[in-house]
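*Asks:* sequence first, predicted model second:
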Amino acid sequence: MKSSEQQAPIIIKKGKHGHGHHGGAWKVAYADFVTAMMALFIVLWVLGQDKKVIESVASYFRDPIGFTEKLRVITPGNSEMPFEADTLNINIKEQLRELEIQRLQSLGESLKQELKQNPEFQELADQINIEIVNEGLRIELTESTENVFFEVGTANLKPEAAKIIQRMAASFQKLPNKIIIEGHTDSRPYIQGEKGYSNFELSAERANATRRTLVTAGLDPKKIDEVRGYADTRLRDPNDPFAAVNRRTSLIIKFETESP
């Protein structure tokens, strides 16, 4: 029995945990899979962006060094913050929106200064307010107790107001942006004309009168995106619903870039 026991084969069982401490081929495959998925998500994101964003991303991959220098120029405050390609922390949409805001603000201020310097428009120029809003650059023609843009209770533009709007048409035509036109009234009830006519109809007709003046002056009709009549639902001075400043026409140059 001793000799047979000595001749029995010896079986060595290898543990399955031997490669755990130094990794394996599956980790390489998994890393490749994750990388591929990340690339897919980036491609899908880029495809959903507007043309400017796609061109910006393409510019980076064509010339990372040159793209870095361009980003330094458009970084707020012109700070020399290096571009980290591996983290992609630069929000291209925010940069494009900031550039468009600056461009539209410059256009608005230039237009207002031009109107002020023209003796024909000086009286009404101070009643033109310009500001950036959620939709774009709003140029608002606000009436006063001394000067009005429309004849009382009608959608007939005053000659001076029509000339200002015609001048704006030339500036708007140079832009790729769409235009929204809004009409606003005060809270005085409309009592003239046919039965059922209200400040909603009046505000909408004033906005359309502005649209027709822009188009007649040369603005492409396709640039008009919306015409809105708000009546007195968005008062500029809620504390005084009858105040003249509530009677106004707003022209909004819509942002062309997407919201960040």
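*Replies:* Perfect, I can see it now. Numbering: from 1, shown residues only.
*Asks:* what mean pLDDT does stretch 110-122 get?
*Replies:* The pLDDT scores in stretch 110-122 average 85.
*Asks:* check what contacts it and list those residues.
*Replies:* For stretch 110-122, the surrounding residues in contact (C-beta atoms under 8 Å, 6 or more residues apart in numbering) are L124, A125, D126, I128, I130, I139, E160, K163, I164, R167, M168, S171. C-beta here means a position set from N, CA and C on the backbone, and glycine is covered the same way.
*Asks:* counting neighbours, what do you get for the first one?
*Replies:* Read it as L124. Residues near L124, counting by other C-beta atoms under 10 Å, number 22.
*Asks:* so it sits against F149, correct?
*Replies:* Yes - if you go by C-beta atoms under 8 Å, L124 and F149 touch, sitting 7.5 Å apart.
*Asks:* any shared contact partners between the two?
*Replies:* Contact criterion C-beta under 8 Å, 6+ apart; residues shared by L124 and F149: L141, A161.
*Asks:* before we move on, the earlier item: who wins for most neighbours among the contacts of stretch 110-122?
*Replies:* I139 (25 neighbours).
*Asks:* could I get the phi/psi values of that residue?
*Replies:* phi -110, psi 110 (degrees, to the nearest 10).
*Asks:* give the helix, strand or coil label for the closest residue to it other than its chain neighbours.
*Replies:* Among residues not flanking I139 along the chain, L251 sits closest, at 4.7 Å (C-beta to C-beta, 6 or more residues apart in numbering). Three-state assignment for L251 (DSSP: H, G, I helix; E, B strand; the rest coil): strand.
*Asks:* and N129, by the same measure?
*Replies:* In three-state terms, and counting by three-state DSSP, N129 is strand.
*Asks:* and I181, that's in a helix?
*Replies:* No - I181 is assigned strand when assessed by three-state DSSP, not a helix.
*Asks:* ok, it touching Y230?
*Replies:* No - the pair I181 / Y230 is not scored as a contact, 11.2 Å apart, by C-beta under 8 Å.
*Asks:* immediately after the helix or strand harbouring L104, which helix or strand?
*Replies:* Secondary structure from DSSP states H and E places L104 in helix 92-117. Sequence-wise, the next helix or strand downstream of helix 92-117 (DSSP H and E) is helix 122-125.
*Asks:* and the helices in the stretch 151-260 of the chain?
*Replies:* With DSSP state H, counting those that start in this stretch as the criterion, the stretch 151-260 of the chain has helices at 159-173, 199-216.
*Asks:* redo the ones you listed as TSV? Include mean pLDDT and distance to F33.
*Replies:* TSV is the format used below for these (pLDDT from 0 to 100; distance: least, C-beta to C-beta, whole Å):
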stretch	mean pLDDT	distance to F33
helix 159-173	92	51
helix 199-216	96	55
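*Asks:* any chance of these in a markdown table with distance to K93 as columns?
*Replies:* Output for the helices of the stretch 151-260 of the chain, formatted as a markdown table (distance: least, C-beta to C-beta, whole Å):
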| stretch | distance to K93 |
| --- | --- |
| helix 159-173 | 24 |
| helix 199-216 | 30 |
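*Asks:* which of these sits most buried?
*Replies:* Among the helices of the stretch 151-260 of the chain, ranked by average contacts under mean count of other C-beta atoms under 10 Å, first place goes to helix 199-216 (a mean of 20).
*Asks:* and the contacts of that one?
*Replies:* Applying C-beta under 8 Å, 6+ apart, the contact partners of helix 199-216 are 150, 153, 155-157, 162, 165-166, 168-169, 172, 179, 181-185, 187-190, 221, 224, 227-232, 249, 251.
*Asks:* and what of stretch 141-158?
*Replies:* By C-beta under 8 Å, 6+ apart, the residues outside stretch 141-158 that reach it are 123-124, 127-129, 161, 164-165, 190, 192, 202, 205-206, 208-210, 213, 236, 244-245, 247-251.
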